[in-house]
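Participant: Have a look at this prediction, sequence included:
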Amino acid sequence: MSLGTAIAQNLPALQVVLPLLAAPVCLLLGRGRAAWAWATLVAWLGLLISLALLLQVSDGSVLRYAFGGWAAPWGIEYVVDRLAAMVLLIVSLIGALVLSYARHSVDAEIDADRQPLFYTLLLLCLAGLLGIVITGDAFNLFVLLEVSSLSTYALISLGRNRRALTAAYQYLVMGTIGATFYIIGVGLLYMVTGTLNMADLAQRLPELAHLRTVKTAFAFISVGLALKLAMFPLHLWLPNAYTYAPSVVSAFLAATATKVALYAMIRMFYTVFGAPFSFGTMHVEWLILPLAAAAIFIASVVAVFQHDIKRMLAYSSVAQIGYMLLGLGMVNLTGLTASLLHLFNHALMKGALFLALGAVVYRIGSTNIERMGGIAREMPWTMAAFVVGGLSLIGVPLTVGFVSKWYLLLGAMENGWWPLVILILATSLIAVVYVWRVVEAAYFRARPAGSAPVSEAPLTLLVPIWLLALANVYLGIHTRPLIGLAGSAAADLLGVGP
Amino acid sequence: MTDWNAIGIVLALVIPLGAMGGIWLFHGRPEQRERVTLVAAGLLLLVVLSLLPSVLAGLRPEWVFAELFPGIAIAFRVEPLGMLFALVAALLWPINSVYSIGYMRGNNEPHQTRFYGYFALALFATMGIAFAANLVTLFVFYELLTLSTYPLVTHKGNDAARAAGRVYLGILITTSIGLLLPAILWVWSLTGTTDFTVGGLVGDKLQGPWLGLLLFLFMFGIGKAALMPIHRWLPAAMVAPTPVSALLHAVAVVKAGVFSVVKVIVYVFGVDSLHAVPAASWLLYVAGFTIIVASLIALRQDNLKRRLAYSTISQLSYVVLGAAILAPVSIIGAALHIVAHAFGKITLFFAAGSIYTAAHKTEISQLRGIGWRMPWTMTAFSIGALSMIGVPPAAGFISKWYMLLGAFETQQLFAVGVIVLSTVLNAAYFLPIIFTAFARPAEDDPAQHGEAPRPIVIALACTAGLTVLFFLFHQVPLDLAGQLVELPLSDDFQPNGSQPYVPPSNIPQALP
Amino acid sequence: MELLGQYNYWVVFFLMMTGFYVVIARGNLVAKIVGLNIFQTSVFLLYISMGKVSGGTAPIVADPGSLYSNPLPHVLILTAIVVGVATTALGLALVVRIKEAYGTVEEDEIYAQDDPPHGSAPALAQGSETATADSAGEARR
């Protein structure tokens, strides 16, 4: 067997194993550029792998990979369907771009002797997130969840402000509770079914649906994952974590971590428990919908009053997660499509926004709105990218934000939920307000007195920022591929034809 | 995209956008920067004029930029009303650019690159609005116009300007996202399309009160039309430099509002379907109310630009009124009023800016005897004022005439009353200014001043000339407006037996 | 007697609630970690006791016919224990760093340092925030 075919056959494993094994190598490479170059190379390879996987499953086939040759349900199985491929793509895309961006930003924010550790952790986190998406085993999901979470806690604690430490600690406590809740639920499922393989679980659960154990397991898993994905009101860890983490980490987490947790929730609700149980028996949508609506409204309003732009974006993330949950709670094809679209699109927009903020931090060392006054005159390209990301966040047509909001509105109208339509429009208006605050400060105020003049961010920062910003626009105009992918993934989940 | 017309649409959009880039490129080199603006303005006018013959011939050039989802596209289509609007904007941009150069230099304004750059962007948005083929495209460019004019409104950069900018942005964005967007969604969910369609989209889909509600969402969602009580942004916007007030807040922005109103009434509701619904008749009364009340407020303003702003609010509602009368002739009047008011009001603003530049006076009470010091300016001002009142031989007479015809034809005595009363009011707030300027003795002004800089004088002479020329030669706009209501408005056209005013001239392209 | 027969679940339940309570109620960061450990341990017990087969031996298969307990939960829990240890180690490391940065491991004292309860104006707090951020960054280098 040639090397080529060996690689081709083991792509699903490589997607996770490559960054996992590459991570410790960063430590061996020591100080300097080598660790960064290695991590970036690995991340780009990961992107290639996920593209290859997407191509393989784009026709609707499902790729199953038995780990170590142990067939499911005994061994751990990796499963790639269209949904997984889509989420893998966005995670590895963000990973590759964020790592390409990282060098200067990390030089400025992390001590030189900690940098190899930093890249190790980032790769580990990437591996964990990719693993969550690709795995077909409920317990393996827990392990990978903890791989990503533990590295995340450490990454956050590397922030320059000492509050990063308390933020990381707070996240550690809440994250561990969430993960433990999840594992309790999985344990209960194992108790009644004797299997941990998701496909196997999905087969066995319907006939056991009446058991109180299954219902309890459902509750534990829902709450556990809700904690991880920062569902309102379990979002308290998120604002601090995003605010005080190093810029690169904020961008990476905001664009991927909560999305992957949401993916895990969608998997559990639709694939493992099945829509009839989750929504027909348990009626989880009646929990999700009010909370999502509250998240969208409250977090948007709170975002308006933040002085720190990173914090503002963090609250905005809580609101955006609300949009995704809203789509999930509509329990129709359009709503689920909107949810998946927004999962993808929000990664693009928040990635661009946080990376742009990272460039601002790189130059002026702060994301305080007062200190960002007039910055657009000195960093026009950075702030222009921020504006593009902001427009996408608002949901202006010709950006990806519009696509997902439009589908969300369609889903709400399909169900005849006019109050939700009004809510979505009203919160878009609030998004205008908080994005505008930044635009007004950056473009129409003078630089604060006594601030030293700065120059535009270096090209290595600008290129990834603009790649993401342009992706926001390009996919907002050429909407078909993404809508097609999300639509067919949603159709797969709901078990209706593509 | 093979035929010239589609390329023309693209060019009409690309030229202002390219001008913006060029202006930024020549940052810090005023000569080249201004040359870019002038060249772009001239080119845009040529391109828009080149589209005119085919539109007059009944063609509707189209260009689809991108289809986002089924039924939702960013697409452009040149129909008569859009042609008319684009023509007005493209015609006045070069004149306004000449004026801007004089004004900005004369007053040593800072940030001129930003000024010209966003000005070009605003023109881009205006072209987009004029040629929009559906509500979504209209909405996108409508918002872009709001945003691109914000830096112009807050040009001074002081607290007062920023506060005004906040009112400006707050009202326009809130109404458009809060009311207009739901209305668009509603239309889309009813019909599966938002394309402007001859005869209307929703006429057979909605009944009675619902139609009235949709009309409410549209009319107040289009905040740029400045129907009361959402008119506050317009006086607030007067903190801008005068060229901005002139082209944008007398022509592009406000006309984008009433243009959208007319377009929505004609192409989304359909005149006939609105006619049949009593619940939709409130619009007539709101428009009438706005006309009268805004005129009354204008009476009490001493600040010249503020008086002009309230006059604009009042005049905008003429257009809405003309559309709300729902008679074909009155809609023609509304379309013509978009043009007529544009020429007249830009002249008035030019004059106000000219006085500010030469004499640094902003209040009407300071203008005693200024007519003899600035004869060109005040003559042009007088012509503009006559047009506002509707006295021949100024442009305003034509449009008011058609609106009155429509009101009589449909027995809308309320509308007739409003037009007559407001004409009296217009006279009451404009004639004293002219009287003050010419008949009152001059103050002992220590600062001797003469006429404003030459570019300013040239520009306002041009627009004053246009105001008179429109009275004499308006066959082209009349034809376009006639196509809007699908009536062949030629010499032998006789709506309801009465002979409309048709000028003796039949020169097809009377406009310069 | 069914209630008593399921005593293992009662133990799990008791430990779980105890741990959870400690995490929530205690302000001491170390105590929270301890609570978290108790909480996790309860889950370990849940898995282990679930794998027990009545009368079965340890799952060391010498004689293929013998009855033995399900080994899979044990293996899973080995993994979970490793995760738990890692979490604890990381948590304690963070506590050490917090102690270095703040001089205390009491939650309310930490928050009092970052957000003075009253007195200073918001603008002042922002100024001091950046100052403390810089000094904390310096101190940790």
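Facilitator: Received the coordinates, thanks. Numbering: from 1, shown residues only, chains lettered A, B, ... in the order given.
Participant: Setting the sequence-adjacent residues aside, check what's closest to residue B:389.
Facilitator: residue B:426 (4.5 Å; CB to CB, 6 or more residues apart in numbering or on different chains). All C-beta atoms are positioned from the backbone trio N, CA, C, and that covers glycine.
Participant: residue contacts, the closest residue to residue B:310 other than its chain neighbours?
Facilitator: If the residues on either side of it in the chain are set aside, residue B:310 comes closest to residue B:298, at 3.6 Å by CB to CB, 6+ apart. Residues near residue B:298 by CB atoms under 8 Å, 6 or more residues apart in numbering or on different chains: B:307, B:310-311, B:314, B:425, B:429.
Participant: Now do stretch B:240-249: distance to the chain's middle.
Facilitator: Mean C-alpha position of stretch B:240-249 versus that of the full chain (CA atoms, centre = their mean, to the nearest Å) differs by 12 Å.
Participant: Start and end of it, how far apart?
Facilitator: This stretch, stretch B:240-249, spans 9 Å end to end (CA to CA, to the nearest Å).
Participant: That one vs chain A: in contact?
Facilitator: No: under the criterion of CB under 8 Å from any CB of the partner chain, chain A is not reached by stretch B:240-249; the shortest gap measures 13.5 Å.
Participant: coming back round to it: hang on, isn't the residue nearest to residue B:389 packed against residue B:388?
Facilitator: Yes: with contact defined as CB atoms under 8 Å, residue B:426 counts as touching residue B:388 (5.4 Å).
Participant: neighbour count winner among those two?
Facilitator: residue B:388 (29 against 26; other CB atoms under 10 Å in any protein chain shown).
Participant: Rounded mean pLDDT for the host helix or strand of that one, please.
Facilitator: Assessed by DSSP states H and E, residue B:388 sits inside helix B:375-389. Averaging pLDDT along helix B:375-389 gives 87.
Participant: just stretch B:473-489 next, same as before
Facilitator: Mean predicted confidence for stretch B:473-489 is 73.
Participant: what's the spacing between residue B:440 and chain C?
Facilitator: Counting by CB to the nearest CB, to the nearest Å, the gap from residue B:440 to chain C is 52 Å.
Participant: What residues sit buried inside the helix holding residue B:388?
Facilitator: In terms of neighbour count (16 or more other CB atoms under 10 Å in any protein chain shown), helix B:375-389 has its buried residues at B:376-389.
Participant: pull the longest strand from chain B.
Facilitator: strand B:62-69 (DSSP state E).
Participant: what angle do the next helix or strand after that strand and strand B:62-69 make?
Facilitator: For strand B:62-69, the following helix or strand on the C-terminal side (DSSP H and E) is strand B:72-77. Put simply, strand B:72-77 runs at 170 degrees to strand B:62-69, going by axes from the mean of the first three to the mean of the last three CA atoms, to 10 degrees.
Participant: Quick one: mean pLDDT for strand B:72-77?
Facilitator: Mean predicted lDDT for strand B:72-77 stands at 86.
Participant: helices or strands up against it?
Facilitator: strand B:62-69, helix B:112-131, helix B:135-153 (3 or more CB pairs under 8 Å, 6 or more residues apart in numbering or on different chains; DSSP states H and E).
Participant: follow-up on the earlier one: list the buried residues in the host helix or strand of the residue nearest to residue B:310.
Facilitator: Per DSSP H and E: residue B:298 is located in helix B:282-299. Of all the residues in helix B:282-299, those buried under the rule 16+ other CB under 10 Å are B:283-284, B:286-288, B:290-295, B:297-298.
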